[in-house]
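> fold the following.
(chains A and B)
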Amino acid sequence: MVSSVLESGDEMFNDTIAAIATFPGNAGINIIRLSGKDALNIALKIFIDKNREKVTNFKARYLHYGYIRDENDRIIDEVLISYMKAPNTYTREDIIEINCHGGIISAKKILDTVLSYGCRPAERGEFTKRAFLNGRIDLTQAEAVLDIINSKTDSSHEISVKHLEGRLSRQINAVIDEIMDLLANIEVNIDFPEYDEDEITIERVKSLCDKIGPQLDKLIKTADTGKIFKEGIKTVILGKPNVGKSSLMNFLLNENRAIVTEIPGTTRDTIEEFVNIKGVPLRIIDTAGIRETDDMVERIGVEKALEKVRAADLVMMIFDSSKGLEKEDEIILDYIKDKKVIYIKNKTDLENKLDLSSYKKIEEDIINVSILQNQGLDDIIDKISSMFFEGRLNVTDELIINNVRHKNLLIKAKKNMDDVLKSIENNMTIDLIEIDLKEAMENLGLIVGKSVSDDLVDKIFDEFCIGK
Amino acid sequence: MEDRVREFLEESVDVLVIGAGHAGCEAALATARLGLKTIMVTLSLDSIAMMPCNPNIGGTAKGHLVREIDALGGEMALNIDKTMIQCKMLNRSKGPAVHSLRAQADKKRYHTEMKKVIENQKNLRVIQTEATKITVNEDETFNVYTKLGAYYRARAVIVTTGTYLRGKIHIGELNFSSGPDGLAPANELSKSLMDLGIQLVRFKTGTPARIHKDSIDYEKMAVQTGDDEIIPFSFMNDEIKIDQVPCYITYTTRETHELIRENLHRSPLYAGVIKSVGPRYCPSLEDKVVKFADKEKHQLFVEPEGLDTKEMYIQGMSTSLPYEVQIQMYRSMTGLENAQIMRPAYAIEYDAIDPTQLKLNLELMTIKNLFFAGQINGSSGYEEAAAQGLMAGINAYLSLNNKEPFILDRSEAYIGVLIDDLVTKGTNEPYRMMTSRAEYRLLLRQDNADERLTEKGYQIGLVTEERYRRYKDKKQKIENEIERLRKIKITPKPEINDALENMGSTPLKIPTSLYDLMKRTELNYDNTLFLDPERPDLRKEIKDYVETIIKYEGYIQKQIAQVDQFKKLENRKIPKDINYDDVKSLRIEARQKLNKIRPDSIGQASRISGVSPADINVLLVYLMTHNQK
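Numbering: from 1, shown residues only, chains lettered A, B, ... in the order given. Predicted structure coming up:
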């Protein structure tokens, strides 16, 4: 089985593409990369040197110090710019790289500027795609990169994906090997039934499924972590009026002003604040601007925020310690009962009147804070960290699935394993049970880019003594 | 050297087949039956359809091949049905996909019966002579020269030389030029093939000793009998009634293994005298002992070679050790303490061609109408040979009539898997068919070979009217019965639910079709008879078939979905004139392989070893941009 590459046909490239090439988050610098025949011209239009003069050319492969100006000649940031001349570049096209300061504001503004001068935003993986289509990539090492093209993964993640690739392959290969060991034995039983090799029992197949299923599940789950790490934890702060929503939000944002920006969301009326607190990337969905009315439900904002709640990875639900449990609280609780929620009791500096004895679990879980007095806020971050990263914040060291194609194949393989168990339950014979086991192996093989069927035949011969 | 024999043109024919083994017989019968004037040449008329190794036809995957040959109008199944002395359906405890027929053949009678068929075949002449040279004429016909001086002009040639080409037998330190089983080798044709630009490889195989029946102590061995009710190989036969002969199982001993270890230096395999590659699934006993040193004993099967002989075949005991050691070795085994060897075990080396030089229709890529089939293509086994012979015969006929080649893909037949494996992947050992090589084996069952292939065979013209009628009749009966079972609704009545519960089945709540009921694990076609008083009386073959279709419907659907995926890539054809050197981004190895194999489709390309999924993606992109221009 081969998964085919490019869904759309590609013309040879007349346009120039641009993207922020660095990982969004807490990096110290960001790089905006342009590739294509107008890359140099566009760079010359927006760059001024340290004397605030325009330059007429860049010497290739040198770093040039200066500033980037927007269309209105306002300086966006102080930058280092480099020019790599075609064809000896990653894409075999002219490439401009602009190094600007970290955080998202200036990178985003620079990107907007180059786009306004005629660049097209790069699709995910498009630099690599161009590199590949222009015959630049050394294919003996390119399996991993090609996989990225397949799944149109964000090109800015090339490096981290490559870094992870080795480990993912190792883990997947280990699972493949286990399945293959068993399959080879099953195949020997089938193809050489007259020989006295051990018959593989259904129990052995079952115990393999019981072992591998959770392993696959665990990997699939990391895909969510990978996504969160890439995009931030979509967070909604809820609570009745005056409970401290704005204070908490402002606190989170103000504390981290340097790396806060506005990112227009997918819909025009949503504003999201991206903030990275001690490595925990939060994308706080702004529920401000929700009108307060006489209607209680609307007033507490739940109705309006409902859609946002549905899309959220996390809800922060704030209770007011100085008041008893009120109808509003209960309505909100009802809305969010299926979400990941952090329960926060604010205003603990005041006398506690909140009785949560009817919500035992919440009572146990609740985090006591006083936003006013800046108390207990670290606990919130720790809680998020344990919820999403199992306490290990340094996710770049973890094996994370951040490739959609890998995730989908893992899900398929898991389903195959579930089907194996189903067949076992239905008392099917081993050769039928094996259909799904084989398919699981094939699907896993696709992740690491190999065909496993030939390996199986080799294994049969290598491990079993058969024949006349 | 003898004086040069005078060459003369004896006869001009449509097809000349070199070799009369299992491949040659099927090839020659096919072309003759399709109306082509055919000559088959063989070193000895006494070796027509000879079985120089094991006395069986069928077995896992091989049994499937035999049924497919039969469904297409070949001869092998009919011949084994006439000459079997024991028959078994293997893997009965497993699912229907891997049920496989295997029969013990009476070797002599197998040969004699096949010889009769050949002798009585219209358009077919068989000649005892050695083919020494093939040349290509300017009009694209061939001259096939023979040792007798006669040469034959043919429009197509099918080469099926088995293990005869520069055959060399090894028994310990002794080695000599020979064909299998003491027959003469064919020492000249190899050079002619090389002169035609064909690349040869050297393979090795082996066979165990034959032991005198009366020198064996069967008391110490387990008996293996055949099935009570024999299922015939051929779809043309309803039943076979014979007295079956038993086989026996015994084991090697510690002493055997010690003997082998002590004498390993005398084995030409281990002394490095034999450098050619032997099959991994058919290792010599010395291989087994070395490679699986932990195993205390190895299983052996003692099988009769026929009714009119006392020779017993010792399966599992192939060796190239000296005769002196062989005697001790065989006698060290349980029940063989007094064994009298009648024929020694030996290893044989022979020339085969690298099958990747062939197209999927088994025609040489570089020479039109020159076909190859059987062991010369790097396969092993009678069934594999016969399947290729039949396909080469059919394709020679189609080619001579300017018709599209007949190619079965991996989802249609084991034959397709076999030929695709050989031609696309090549092989570095004698290739044996196994069910695990087939991706869609639930669809490629032995019970539906006729459904898969008989229509195709009929279109080609190889399937007789009688066979076609039988097939249609069976198909109709199956369809009717399935339809009938779908329509019968069982309503939840107390007496029915009681009966169901007694059978360990859950009671019905709503009316359910008998079709759906039969999907339950504990229910089947036979034990639901009480719910179905109107049931017609059908042959067992049909009943079993119906049950398989119903019970495994879900899995069959799954495999059909897999086949759809597979076909997508198979249907993405690669232009015949593609120059892979133009595809810059392909790795050099992939480029070379693709230029060599010249796959028809992306699917075929993806199966070439050394062509990675990344290369396939490169190719896809290239074809995409190429097509746009």
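> ok, A:Ile447 to A:Ile172 distance?
5 Å (Cβ to Cβ, to the nearest Å). For every residue, glycine as well, the C-beta is placed using N, CA and C.
> again with B:Glu26
Computed with Cβ to Cβ, the distance linking B:Glu26 and A:Ile172 is 44 Å.
> those two - which one has more neighbours?
For B:Glu26 versus A:Ile172, the count of surrounding residues by other Cβ atoms under 10 Å in any protein chain shown is larger for B:Glu26: 33 against 24.
> any idea where the helices of the stretch 51-200 of chain B begin and end?
Using DSSP state H, counting those that start in this stretch, the helices of the stretch 51-200 of chain B run over residues B:62-71, B:76-83, B:107-119, B:189-195.
> what comes up buried for the first one?
Read it as helix B:62-71. Within helix B:62-71, the residues that count as buried by 16 or more other Cβ atoms under 10 Å in any protein chain shown are B:Lys62, B:Gly63, B:His64, B:Leu65, B:Val66, B:Arg67, B:Glu68, B:Ile69, B:Asp70, B:Ala71.
> now that helix, how far from the chain's geometric center?
Remark: helix B:62-71 is offset 8 Å from the chain centroid, using Cα atoms, centre = their mean, to the nearest Å.
> before we move on, what about the second one?
Taking Cα atoms, centre = their mean, one finds helix B:76-83 lying 15 Å from the centre of the chain it belongs to.
> just want the angle from that helix to helix B:62-71.
Following axes from the mean of the first three to the mean of the last three Cα atoms, to 10 degrees, one obtains 110 degrees for the angle between helix B:76-83 and helix B:62-71.
> dump helix B:76-83 to CSV, restricted to CA.
Extracted in CSV, the C-alpha atoms of helix B:76-83 (Å, rounded to 0.1, in the frame of the first residue of the first chain):
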residue,chain,number,x,y,z
MET,B,76,-3.2,-31.0,-13.6
ALA,B,77,-6.3,-31.4,-11.4
LEU,B,78,-7.8,-33.9,-13.7
ASN,B,79,-4.6,-35.9,-13.8
ILE,B,80,-4.1,-36.0,-10.0
ASP,B,81,-7.8,-36.9,-9.6
LYS,B,82,-7.1,-40.0,-11.8
THR,B,83,-3.9,-41.0,-10.0
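> packing partners for it?
strand B:56-58, helix B:62-71, strand B:100-105, helix B:107-119, helix B:382-400 (3 or more Cβ pairs under 8 Å, 6 or more residues apart in numbering or on different chains; DSSP states H and E).
> could you redo the last one with a cut-off of 10 Å?
helix B:22-33, strand B:56-58, helix B:62-71, strand B:100-105, helix B:107-119, helix B:382-400 (3 or more Cβ pairs under 10 Å, 6 or more residues apart in numbering or on different chains; DSSP states H and E).
> pLDDT (mean, whole number) over the longest one?
To tie it back to what came earlier, the one meant is helix B:382-400. Helix B:382-400 carries an average pLDDT of 98.
> same check, this time on the shortest one
Strand B:56-58 shows an average pLDDT of 96 in the prediction.
> list the strands paired with that strand, with their directions.
Paired neighbours of strand B:56-58 in the sheet (DSSP bridges): strand B:100-105 (antiparallel).
> burial check on the nearest residue to B:Gly73 once chain neighbours are set aside, number of neighbours?
Leaving aside its sequence neighbours, B:Gly73 sits nearest to B:Leu462 (Cβ to Cβ, 6 or more residues apart in numbering or on different chains; 3.4 Å). Residues near B:Leu462, counting by other Cβ under 10 Å, number 23.
> same deal with the one 3 residues further on?
As a burial measure, B:Glu465 scores 8 neighbours (other Cβ under 10 Å).
> correct me, but it touches B:Thr454?
No: applying Cβ atoms under 10 Å as the test, B:Glu465 and B:Thr454 come out as separate, 11.8 Å apart.
> please enumerate the shared neighbours of those two.
Residues touching both B:Glu465 and B:Thr454 (Cβ atoms under 10 Å, 6 or more residues apart in numbering or on different chains): none.
> pLDDT of the helix or strand hosting A:Gly445, averaged?
Using DSSP states H and E, A:Gly445 maps to helix A:430-447. Rounded to a whole number, the mean pLDDT of helix A:430-447 is 88.
> mind giving me the packing neighbours of it?
The helices and strands touching helix A:430-447, judged by 3+ Cβ pairs under 10 Å, 6+ apart, are helix A:143-151, helix A:158-191, helix A:202-231, helix A:404-425, helix A:453-463, helix B:553-570.
> which residues touch A:Asp49?
Residues in contact with A:Asp49 (Cβ under 10 Å, 6+ apart) are A:Val55, A:His64, A:Tyr65, A:Gly66, A:Tyr67, A:Ile81.
> backbone dihedrals for it, please?
As for A:Asp49, its main-chain torsions (degrees, to the nearest 10) stand at phi -80, psi -170.
> next one: the helix or strand of chain B with the lowest mean pLDDT to chain centre, how far?
Across the helices and strands of chain B, mean confidence by mean pLDDT, DSSP states H and E is lowest for helix B:613-628: a mean of 74. Averaged C-alpha coordinates place helix B:613-628 at 35 Å from its chain's average position (Cα atoms, centre = their mean).
> ranking the helices and strands packed on helix A:430-447 by mean pLDDT, which is last?
Among the helices and strands packed on helix A:430-447, helix A:143-151 carries the lowest mean pLDDT (a mean of 43).
> show me the domain layout of chain A.
Domain assignment for chain A, taken from automatic domain parsing, gives A:17-137, A:160-226+A:403-463, A:248-395.
> so what's A:Leu252 closest to, chain neighbours aside?
Computed as Cβ to Cβ, 6+ apart, the closest residue to A:Leu252 that is not its neighbour in sequence is A:Val275, at 5.9 Å.
> how about the secondary structure of that neighbour?
The local conformation at A:Val275, judged by DSSP: H, G, I helix; E, B strand; the rest coil, is strand.
> can you give me the neighbour number for B:Asp181?
For B:Asp181, the count of nearby residues is 17 (other Cβ under 10 Å).
> try A:Gly376
Taking other Cβ under 10 Å as the neighbour definition, A:Gly376 ends up with a count of 16.
> residue contacts, it?
When the contact criterion is Cβ under 10 Å, 6+ apart, the partners of A:Gly376 are A:Ile344, A:Lys345, A:Asn346, A:Thr348, A:Ile367, A:Asn368, A:Val369, A:Ser370.
> for it, phi and psi?
phi 80, psi 0.
> for chain B, see how far away it is.
For A:Gly376, the distance to chain B under the criterion Cβ to the nearest Cβ, to the nearest Å works out to 52 Å.
> quick one on the thing from earlier: need the residues touching each of A:Ile447 and A:Ile172.
In terms of Cβ under 10 Å, 6+ apart, A:Ile447 and A:Ile172 are both contacted by the residues A:Leu219, A:His406, A:Leu409, A:Leu410, A:Ala413.
> for the residues you listed, which single residue is the most surrounded?
Neighbours here mean other Cβ under 10 Å. Within these, the largest count is held by A:Ala413, at 29 neighbours.
> ok, B:Ser505 - contacts?
With the criterion set at Cβ under 10 Å, 6+ apart, B:Ser505 makes contact with B:Asn497, B:Ala499, B:Leu517, B:Arg520, B:Thr521, B:Glu522, B:Leu523, B:Asn527, B:Thr528.
> name the nearest residue to the third one, ignoring sequence neighbours.
The spatially closest residue to B:Leu517, leaving aside those adjacent along the chain, is B:Leu523, at 5.8 Å (Cβ to Cβ, 6+ apart).
> same question, the second one
Distances taken as Cβ to Cβ, 6+ apart put B:Phe530 closest to B:Ala499, at 6.6 Å, once the chain neighbours are dropped.
> test my guess that the one you found contacts B:Leu517.
No: using Cβ under 10 Å, B:Phe530 makes no contact with B:Leu517, being 11.7 Å away.
> look at these two and report which has more neighbours.
When B:Phe530 and B:Leu517 are compared on other Cβ under 10 Å, the one with more neighbours turns out to be B:Leu517, at 20 against 11.
> now for the more buried one: which residues touch it?
If you count contacts by Cβ under 10 Å, 6+ apart, B:Leu517 has them with B:Leu485, B:Ile488, B:Lys489, B:Ile490, B:Leu500, B:Ser505, B:Leu508, B:Leu523, B:Thr528, B:Leu531, B:Asp532, B:Ile550.
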